[in-house]
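Asker: Could you work out the structure for the sequence below:
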Amino acid sequence: MNIFKALVIATIMALAAPAAVAQGCGNHDNGCGHCKHNEVTVGAARTDLYLPVLQGKRVALLSNQTGMVGDKHTLDILLENKINVVTIFSPEHGFRGTADAGEHVSSSVDEKTGVPIASLYDGGLPMPSKESMNLFDVVVIDLQDVGLRYYTYYVTMIRMMDAAIIHNKEVVILDRPNPNIMYVDGPILDMKLKSGVGFLPICTVYGMTMGELAKMAMGEGWLKDGKTLPLTVVPCDNYTRSTRYRLPIAPSPNLPNMLSVYLYPSICYFEGTPVSLGRGTDWPFQVYGHPNMTDHKFQFTPTSRFGAKNPPRLNELCYGTDLHNMSEDDAIAGGIDLTYVIDAYNSSNLGEKFFTKFFDKLMGRDDIKQMIMDGKTAVQIKASWASDVEKFKKQRAPYLIYKD
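Answerer: Have a look, this model is predicted:
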(Lines give C-alpha, C1' and ligand atoms only; values in the text may rest on other atoms or scores of the structure.)
Protein backbone atom coordinates (compact mmCIF):
# COMPACT_ATOMS: atom_id res chain seq x y z
CA MET A 1 0.00 0.00 0.00
CA ASN A 2 1.34 3.45 -0.97
CA ILE A 3 0.77 5.44 2.23
CA PHE A 4 1.70 8.75 0.62
CA LYS A 5 -1.10 8.52 -1.92
CA ALA A 6 -3.53 7.13 0.60
CA LEU A 7 -3.53 10.19 2.83
CA VAL A 8 -6.48 8.91 4.83
CA ILE A 9 -8.24 5.62 5.40
CA ALA A 10 -11.46 7.47 6.06
CA THR A 11 -13.27 5.75 3.22
CA ILE A 12 -12.61 2.26 4.52
CA MET A 13 -15.78 0.63 5.74
CA ALA A 14 -16.02 -0.66 9.29
CA LEU A 15 -14.36 -4.01 9.85
CA ALA A 16 -14.98 -6.38 12.71
CA ALA A 17 -14.03 -3.83 15.34
CA PRO A 18 -13.05 -4.44 18.98
CA ALA A 19 -15.38 -3.28 21.74
CA ALA A 20 -15.98 0.46 21.86
CA VAL A 21 -14.50 2.52 24.65
CA ALA A 22 -17.47 4.83 25.08
CA GLN A 23 -20.99 5.33 23.91
CA GLY A 24 -22.51 8.18 21.97
CA CYS A 25 -26.02 8.21 20.58
CA GLY A 26 -27.36 10.77 18.16
CA ASN A 27 -30.89 10.02 19.33
CA HIS A 28 -30.30 10.82 23.01
CA ASP A 29 -28.97 14.18 24.10
CA ASN A 30 -26.75 12.93 26.88
CA GLY A 31 -25.35 9.81 25.27
CA CYS A 32 -26.75 6.36 25.73
CA GLY A 33 -25.09 3.28 27.13
CA HIS A 34 -27.98 1.07 26.05
CA CYS A 35 -27.91 1.73 22.29
CA LYS A 36 -25.24 -0.79 21.35
CA HIS A 37 -25.72 -0.12 17.64
CA ASN A 38 -24.53 3.44 18.26
CA GLU A 39 -21.33 2.65 20.17
CA VAL A 40 -18.38 4.69 18.95
CA THR A 41 -15.21 2.78 18.11
CA VAL A 42 -12.14 4.99 18.36
CA GLY A 43 -9.33 4.75 15.84
CA ALA A 44 -6.98 3.05 18.29
CA ALA A 45 -9.43 0.13 18.59
CA ARG A 46 -9.41 -0.50 14.84
CA THR A 47 -6.12 -2.37 14.80
CA ASP A 48 -6.76 -4.04 11.44
CA LEU A 49 -6.46 -0.62 9.83
CA TYR A 50 -3.12 0.44 11.23
CA LEU A 51 -1.05 -2.50 12.50
CA PRO A 52 -0.12 -3.53 8.92
CA VAL A 53 1.20 -0.01 8.33
CA LEU A 54 3.50 -0.32 11.36
CA GLN A 55 4.88 -3.82 10.89
CA GLY A 56 8.66 -3.94 10.51
CA LYS A 57 9.12 -0.25 11.33
CA ARG A 58 10.55 1.63 14.28
CA VAL A 59 7.58 3.36 15.91
CA ALA A 60 7.20 6.42 18.14
CA LEU A 61 3.97 7.04 20.04
CA LEU A 62 2.68 10.53 20.84
CA SER A 63 0.02 10.00 23.49
CA ASN A 64 -0.96 10.47 27.11
CA GLN A 65 -3.41 9.10 29.68
CA THR A 66 -6.31 9.50 27.22
CA GLY A 67 -4.88 6.96 24.77
CA MET A 68 -7.04 4.11 26.04
CA VAL A 69 -9.13 1.37 24.44
CA GLY A 70 -11.28 0.15 27.31
CA ASP A 71 -8.84 -0.57 30.12
CA LYS A 72 -5.83 -0.96 27.83
CA HIS A 73 -3.47 1.77 26.64
CA THR A 74 -2.57 2.09 22.97
CA LEU A 75 1.06 1.54 23.97
CA ASP A 76 0.17 -1.87 25.37
CA ILE A 77 -1.81 -2.75 22.25
CA LEU A 78 1.16 -1.92 20.06
CA LEU A 79 3.60 -3.92 22.18
CA GLU A 80 1.27 -6.93 22.42
CA ASN A 81 1.13 -6.98 18.64
CA LYS A 82 4.94 -7.03 18.39
CA ILE A 83 5.20 -3.46 17.14
CA ASN A 84 8.66 -2.04 17.76
CA VAL A 85 7.87 1.04 19.90
CA VAL A 86 11.19 2.77 20.46
CA THR A 87 10.08 5.99 22.13
CA ILE A 88 7.08 7.83 23.58
CA PHE A 89 6.40 11.54 23.15
CA SER A 90 4.21 13.29 25.73
CA PRO A 91 2.27 16.59 25.39
CA GLU A 92 1.30 19.19 28.00
CA HIS A 93 0.37 17.53 31.33
CA GLY A 94 2.77 14.63 30.62
CA PHE A 95 2.29 11.01 29.53
CA ARG A 96 0.18 10.19 32.58
CA GLY A 97 -1.68 13.53 32.52
CA THR A 98 -0.71 14.62 36.03
CA ALA A 99 1.15 17.90 35.41
CA ASP A 100 -0.41 21.34 35.85
CA ALA A 101 -1.25 23.53 32.88
CA GLY A 102 1.99 25.12 31.70
CA GLU A 103 4.12 23.08 34.11
CA HIS A 104 7.56 21.92 32.96
CA VAL A 105 7.40 18.22 32.09
CA SER A 106 10.67 16.31 32.15
CA SER A 107 11.62 13.41 29.93
CA SER A 108 11.66 10.04 31.68
CA VAL A 109 10.91 6.33 31.22
CA ASP A 110 7.51 4.63 31.29
CA GLU A 111 7.65 2.51 34.44
CA LYS A 112 5.34 -0.22 33.11
CA THR A 113 7.06 -0.88 29.78
CA GLY A 114 10.50 0.68 30.10
CA VAL A 115 10.00 2.67 26.88
CA PRO A 116 11.76 6.07 27.03
CA ILE A 117 9.50 9.15 27.21
CA ALA A 118 10.54 12.39 25.52
CA SER A 119 8.54 15.40 26.71
CA LEU A 120 7.27 17.85 24.10
CA TYR A 121 6.21 20.32 26.76
CA ASP A 122 8.55 22.22 29.04
CA GLY A 123 6.31 25.21 29.63
CA GLY A 124 6.41 25.88 25.88
CA LEU A 125 6.03 23.76 22.77
CA PRO A 126 9.49 22.83 21.49
CA MET A 127 10.13 20.86 18.32
CA PRO A 128 11.29 17.27 18.89
CA SER A 129 15.06 17.02 18.80
CA LYS A 130 16.93 15.66 15.79
CA GLU A 131 18.25 12.88 18.00
CA SER A 132 14.77 11.75 19.03
CA MET A 133 13.44 11.98 15.46
CA ASN A 134 16.27 9.78 14.19
CA LEU A 135 15.12 6.93 16.45
CA PHE A 136 12.00 6.02 14.48
CA ASP A 137 10.40 5.68 11.04
CA VAL A 138 6.76 6.45 11.82
CA VAL A 139 5.01 8.30 14.64
CA VAL A 140 1.58 7.21 15.88
CA ILE A 141 -0.51 10.03 17.39
CA ASP A 142 -3.32 9.13 19.79
CA LEU A 143 -4.58 12.09 21.82
CA GLN A 144 -8.03 13.01 23.10
CA ASP A 145 -8.62 16.61 22.07
CA VAL A 146 -11.55 18.81 23.14
CA GLY A 147 -11.80 20.92 19.99
CA LEU A 148 -10.64 24.36 21.14
CA ARG A 149 -8.01 26.48 19.38
CA TYR A 150 -6.29 27.25 22.68
CA TYR A 151 -6.14 23.61 23.87
CA THR A 152 -2.53 22.62 23.23
CA TYR A 153 -2.82 18.98 22.13
CA TYR A 154 -3.53 19.83 18.49
CA VAL A 155 -0.57 22.24 18.53
CA THR A 156 1.68 19.42 19.69
CA MET A 157 0.32 17.29 16.83
CA ILE A 158 1.05 20.00 14.26
CA ARG A 159 4.55 20.55 15.64
CA MET A 160 5.18 16.82 15.36
CA MET A 161 3.94 16.86 11.76
CA ASP A 162 6.30 19.74 11.01
CA ALA A 163 9.18 17.73 12.49
CA ALA A 164 8.11 14.70 10.45
CA ILE A 165 8.39 16.79 7.28
CA ILE A 166 11.87 17.98 8.21
CA HIS A 167 13.09 14.46 9.02
CA ASN A 168 11.12 12.50 6.39
CA LYS A 169 8.93 10.51 8.77
CA GLU A 170 5.46 9.02 8.35
CA VAL A 171 2.53 10.02 10.58
CA VAL A 172 -0.39 7.81 11.62
CA ILE A 173 -3.22 9.47 13.54
CA LEU A 174 -5.60 7.28 15.54
CA ASP A 175 -8.63 9.51 15.53
CA ARG A 176 -10.90 10.14 18.52
CA PRO A 177 -14.22 12.00 18.79
CA ASN A 178 -14.27 15.70 19.56
CA PRO A 179 -16.79 16.35 22.39
CA ASN A 180 -17.33 19.87 21.03
CA ILE A 181 -17.70 18.84 17.39
CA MET A 182 -21.36 19.88 17.14
CA TYR A 183 -20.74 23.55 16.37
CA VAL A 184 -18.26 26.16 15.13
CA ASP A 185 -17.83 29.46 16.97
CA GLY A 186 -15.37 32.26 17.60
CA PRO A 187 -13.13 34.34 15.35
CA ILE A 188 -10.47 32.92 13.04
CA LEU A 189 -7.08 33.48 14.67
CA ASP A 190 -5.29 36.64 13.60
CA MET A 191 -1.90 35.06 12.89
CA LYS A 192 -0.03 38.03 14.35
CA LEU A 193 -1.22 36.53 17.66
CA LYS A 194 0.09 33.04 16.86
CA SER A 195 1.29 31.28 20.01
CA GLY A 196 1.17 28.01 21.88
CA VAL A 197 -2.53 28.68 22.57
CA GLY A 198 -3.35 29.61 18.99
CA PHE A 199 -1.34 28.03 16.22
CA LEU A 200 -3.51 27.82 13.10
CA PRO A 201 -5.91 30.24 11.34
CA ILE A 202 -9.01 28.44 12.62
CA CYS A 203 -12.08 29.40 14.64
CA THR A 204 -11.91 29.11 18.42
CA VAL A 205 -14.33 26.17 18.42
CA TYR A 206 -13.43 24.52 15.12
CA GLY A 207 -15.73 21.49 15.18
CA MET A 208 -13.21 18.97 13.83
CA THR A 209 -11.41 15.90 15.12
CA MET A 210 -7.63 15.75 15.29
CA GLY A 211 -7.57 13.62 12.16
CA GLU A 212 -9.71 16.08 10.23
CA LEU A 213 -7.63 19.02 11.42
CA ALA A 214 -4.41 17.25 10.40
CA LYS A 215 -5.82 16.74 6.90
CA MET A 216 -6.80 20.40 6.73
CA ALA A 217 -3.41 21.63 7.94
CA MET A 218 -1.70 19.69 5.18
CA GLY A 219 -4.26 20.49 2.50
CA GLU A 220 -4.22 24.22 3.25
CA GLY A 221 -0.43 24.43 3.27
CA TRP A 222 -0.19 25.23 6.96
CA LEU A 223 2.58 22.73 7.66
CA LYS A 224 6.34 23.38 7.46
CA ASP A 225 7.13 25.32 4.27
CA GLY A 226 3.71 24.35 2.90
CA LYS A 227 4.92 20.78 2.36
CA THR A 228 3.05 17.48 2.64
CA LEU A 229 3.99 14.21 4.30
CA PRO A 230 2.88 10.54 4.35
CA LEU A 231 -0.25 10.79 6.51
CA THR A 232 -2.67 8.05 7.50
CA VAL A 233 -5.78 8.87 9.54
CA VAL A 234 -7.55 5.88 11.12
CA PRO A 235 -11.13 7.13 11.59
CA CYS A 236 -13.59 6.40 14.36
CA ASP A 237 -16.40 4.03 13.47
CA ASN A 238 -20.10 4.72 14.10
CA TYR A 239 -19.43 8.39 14.79
CA THR A 240 -21.18 11.46 13.39
CA ARG A 241 -21.04 15.19 14.02
CA SER A 242 -24.27 14.92 16.01
CA THR A 243 -22.99 12.15 18.30
CA ARG A 244 -22.84 13.32 21.92
CA TYR A 245 -19.59 11.62 22.92
CA ARG A 246 -18.85 11.38 26.63
CA LEU A 247 -15.15 11.29 27.42
CA PRO A 248 -14.24 8.14 29.36
CA ILE A 249 -11.09 9.79 30.77
CA ALA A 250 -10.46 13.40 31.78
CA PRO A 251 -8.30 14.95 29.03
CA SER A 252 -6.44 17.13 31.54
CA PRO A 253 -6.53 17.72 35.32
CA ASN A 254 -8.82 20.77 35.22
CA LEU A 255 -11.41 19.36 32.82
CA PRO A 256 -12.78 16.70 35.19
CA ASN A 257 -16.27 16.26 33.72
CA MET A 258 -18.37 16.94 30.64
CA LEU A 259 -19.81 20.19 31.99
CA SER A 260 -16.30 21.63 32.32
CA VAL A 261 -15.55 20.53 28.74
CA TYR A 262 -18.74 22.22 27.46
CA LEU A 263 -18.12 25.45 29.44
CA TYR A 264 -14.44 25.57 28.51
CA PRO A 265 -15.04 27.62 25.31
CA SER A 266 -16.52 30.43 27.42
CA ILE A 267 -14.67 30.20 30.73
CA CYS A 268 -11.10 29.79 29.49
CA TYR A 269 -10.88 33.51 28.68
CA PHE A 270 -10.51 34.15 32.39
CA GLU A 271 -6.97 32.76 32.02
CA GLY A 272 -6.21 36.15 30.47
CA THR A 273 -7.61 38.09 33.44
CA PRO A 274 -7.03 38.26 37.24
CA VAL A 275 -10.31 36.37 37.76
CA SER A 276 -10.32 32.80 39.07
CA LEU A 277 -12.05 30.25 36.85
CA GLY A 278 -12.18 27.67 39.60
CA ARG A 279 -8.73 26.11 39.44
CA GLY A 280 -7.98 24.90 42.94
CA THR A 281 -11.64 24.18 43.69
CA ASP A 282 -13.97 21.23 43.15
CA TRP A 283 -15.39 23.00 40.07
CA PRO A 284 -12.63 24.10 37.66
CA PHE A 285 -14.05 25.85 34.59
CA GLN A 286 -17.46 25.73 36.28
CA VAL A 287 -17.22 28.78 38.56
CA TYR A 288 -15.58 32.18 38.31
CA GLY A 289 -14.91 34.98 40.77
CA HIS A 290 -12.60 37.63 42.21
CA PRO A 291 -12.19 39.25 45.65
CA ASN A 292 -13.59 42.50 44.23
CA MET A 293 -16.85 40.97 42.99
CA THR A 294 -18.62 41.51 46.29
CA ASP A 295 -21.98 42.17 44.61
CA HIS A 296 -22.13 38.40 43.92
CA LYS A 297 -23.29 36.10 46.72
CA PHE A 298 -21.48 32.90 45.70
CA GLN A 299 -18.12 32.45 47.45
CA PHE A 300 -15.15 30.14 47.00
CA THR A 301 -11.47 30.04 47.93
CA PRO A 302 -8.94 28.40 45.55
CA THR A 303 -6.43 26.14 47.31
CA SER A 304 -3.34 24.24 46.23
CA ARG A 305 -4.24 20.72 45.11
CA PHE A 306 -3.62 18.10 42.43
CA GLY A 307 -3.70 19.73 39.02
CA ALA A 308 -3.67 23.22 40.51
CA LYS A 309 -0.60 23.64 42.69
CA ASN A 310 -0.56 27.43 42.41
CA PRO A 311 -3.96 28.51 41.05
CA PRO A 312 -4.93 32.15 40.46
CA ARG A 313 -6.28 33.84 43.62
CA LEU A 314 -4.68 31.13 45.77
CA ASN A 315 -6.13 31.17 49.30
CA GLU A 316 -8.15 34.33 48.53
CA LEU A 317 -11.87 34.55 49.19
CA CYS A 318 -13.54 35.11 45.83
CA TYR A 319 -17.06 36.26 45.10
CA GLY A 320 -18.58 35.23 41.83
CA THR A 321 -20.87 32.94 39.87
CA ASP A 322 -21.54 29.24 40.29
CA LEU A 323 -22.22 27.35 37.04
CA HIS A 324 -21.56 23.82 38.22
CA ASN A 325 -25.29 22.99 38.42
CA MET A 326 -25.96 24.17 34.88
CA SER A 327 -27.31 21.48 32.55
CA GLU A 328 -24.96 20.20 29.88
CA ASP A 329 -27.52 21.07 27.21
CA ASP A 330 -27.60 24.71 28.32
CA ALA A 331 -23.79 24.88 28.34
CA ILE A 332 -23.64 23.61 24.77
CA ALA A 333 -26.54 25.71 23.50
CA GLY A 334 -24.79 28.95 24.38
CA GLY A 335 -21.65 28.20 22.40
CA ILE A 336 -19.06 30.81 23.28
CA ASP A 337 -20.83 33.00 25.84
CA LEU A 338 -18.98 36.20 26.72
CA THR A 339 -21.61 37.28 29.24
CA TYR A 340 -19.48 35.70 31.97
CA VAL A 341 -16.39 37.75 31.06
CA ILE A 342 -18.48 40.90 30.66
CA ASP A 343 -20.11 40.30 34.05
CA ALA A 344 -16.74 39.88 35.77
CA TYR A 345 -15.29 42.93 34.01
CA ASN A 346 -18.17 45.12 35.18
CA SER A 347 -18.25 43.70 38.70
CA SER A 348 -14.53 43.67 39.49
CA ASN A 349 -14.00 47.39 38.74
CA LEU A 350 -10.48 46.78 37.51
CA GLY A 351 -10.76 48.77 34.29
CA GLU A 352 -7.99 48.05 31.79
CA LYS A 353 -6.15 46.04 34.45
CA PHE A 354 -8.82 43.37 33.98
CA PHE A 355 -7.10 42.24 30.76
CA THR A 356 -3.63 40.75 30.46
CA LYS A 357 -1.71 40.31 27.18
CA PHE A 358 -2.70 36.66 27.30
CA PHE A 359 -6.36 37.60 26.78
CA ASP A 360 -5.73 38.62 23.16
CA LYS A 361 -3.91 35.36 22.47
CA LEU A 362 -6.81 33.34 23.81
CA MET A 363 -9.37 35.45 21.95
CA GLY A 364 -7.39 35.37 18.71
CA ARG A 365 -8.10 39.06 18.07
CA ASP A 366 -6.90 42.22 19.78
CA ASP A 367 -10.09 44.27 19.45
CA ILE A 368 -12.48 42.25 21.62
CA LYS A 369 -11.29 43.67 24.93
CA GLN A 370 -11.99 47.19 23.66
CA MET A 371 -15.50 46.11 22.67
CA ILE A 372 -16.04 44.87 26.22
CA MET A 373 -14.72 48.13 27.71
CA ASP A 374 -16.98 50.07 25.34
CA GLY A 375 -20.03 48.26 26.72
CA LYS A 376 -20.80 46.01 23.77
CA THR A 377 -23.04 43.06 24.59
CA ALA A 378 -22.06 39.43 24.14
CA VAL A 379 -24.51 39.19 21.22
CA GLN A 380 -22.99 42.22 19.51
CA ILE A 381 -19.46 40.86 19.94
CA LYS A 382 -20.41 37.43 18.64
CA ALA A 383 -21.90 39.08 15.55
CA SER A 384 -18.45 40.51 14.78
CA TRP A 385 -17.09 37.05 14.03
CA ALA A 386 -20.14 35.56 12.30
CA SER A 387 -18.53 35.94 8.86
CA ASP A 388 -15.43 34.10 10.12
CA VAL A 389 -17.56 31.16 11.18
CA GLU A 390 -19.22 30.87 7.77
CA LYS A 391 -15.90 31.26 5.96
CA PHE A 392 -14.25 28.59 8.06
CA LYS A 393 -17.12 26.12 7.63
CA LYS A 394 -16.72 26.33 3.86
CA GLN A 395 -12.94 26.12 4.05
CA ARG A 396 -12.91 22.99 6.22
CA ALA A 397 -15.60 21.13 4.24
CA PRO A 398 -13.23 19.13 1.95
CA TYR A 399 -11.40 17.69 4.95
CA LEU A 400 -14.33 16.39 7.00
CA ILE A 401 -14.45 12.63 7.58
CA TYR A 402 -17.67 12.38 9.59
CA LYS A 403 -21.19 13.22 8.44
CA ASP A 404 -23.73 15.42 10.21
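Asker: V171 belongs to a helix, doesn't it?
Answerer: No - read with DSSP: H, G, I helix; E, B strand; the rest coil, V171 is strand and lies in no helix.
Asker: so what's it up against?
Answerer: 138-139, 141, 160-161, 164, 214, 229-232 (C-beta atoms under 8 Å, 6 or more residues apart in numbering). Any C-beta I mention is one placed from the backbone N, CA and C, and that applies to glycine too.
Asker: now it: how far from L120?
Answerer: 14 Å (C-beta to C-beta, to the nearest Å).
Asker: Could you list the low-pLDDT ranges of the stretch 101-250 of the chain?
Answerer: 101-107, 121-126 (pLDDT under 70).
Asker: hmm, 90 instead?
Answerer: 101-114, 116-129 (pLDDT under 90).
Asker: Assign the closest residue to R396 other than its chain neighbours to helix, strand or coil.
Answerer: Distance criterion C-beta to C-beta, 6 or more residues apart in numbering; nearest residue to R396, sequence neighbours excluded, is M216 at 5.7 Å. Assigned with three-state DSSP, M216 falls in the helix class.
Asker: surely M216 meets A397?
Answerer: No - between M216 and A397 there is no contact under C-beta atoms under 8 Å: 9.8 Å.
Asker: Which one's more surrounded, the two?
Answerer: M216 (21 against 9; other C-beta atoms under 10 Å).
Asker: where's that one relative to P284, distance?
Answerer: For M216 relative to P284 (C-beta to C-beta), the value is 30 Å.
Asker: Kindly report the same for I173.
Answerer: In terms of C-beta to C-beta, I173 sits 28 Å off from P284.
Asker: so where do the strands sit in the stretch 151-300 of the chain?
Answerer: 170-174, 231-234, 287-290, 298-300 (DSSP state E, counting those that start in this stretch).
Asker: Adding distance to K353, write these out as CSV.
Answerer: Listed next are these as CSV, based on distance: least, C-beta to C-beta, whole Å:
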stretch, distance to K353
strand 170-174, 42
strand 231-234, 45
strand 287-290, 11
strand 298-300, 22
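Asker: which stretch among those strands comes nearest L193?
Answerer: strand 287-290 (23.2 Å; C-beta to C-beta).
Asker: Report all helices and strands that that closest one contacts.
Answerer: Packing partners of strand 287-290 (3 or more C-beta pairs under 8 Å, 6 or more residues apart in numbering; DSSP states H and E): strand 298-300, strand 318-322, helix 339-348.
Asker: hmm, who's touching the last one?
Answerer: So that's helix 339-348. 266-267, 269-270, 273-275, 288-290, 292-293, 295-296, 320-321, 323, 354, 372-373, 377-378.
Asker: Would you indicate which residues of it are buried?
Answerer: Under the neighbour-count criterion of 16 or more other C-beta atoms under 10 Å, helix 339-348 has 340-345, 347-348 buried.
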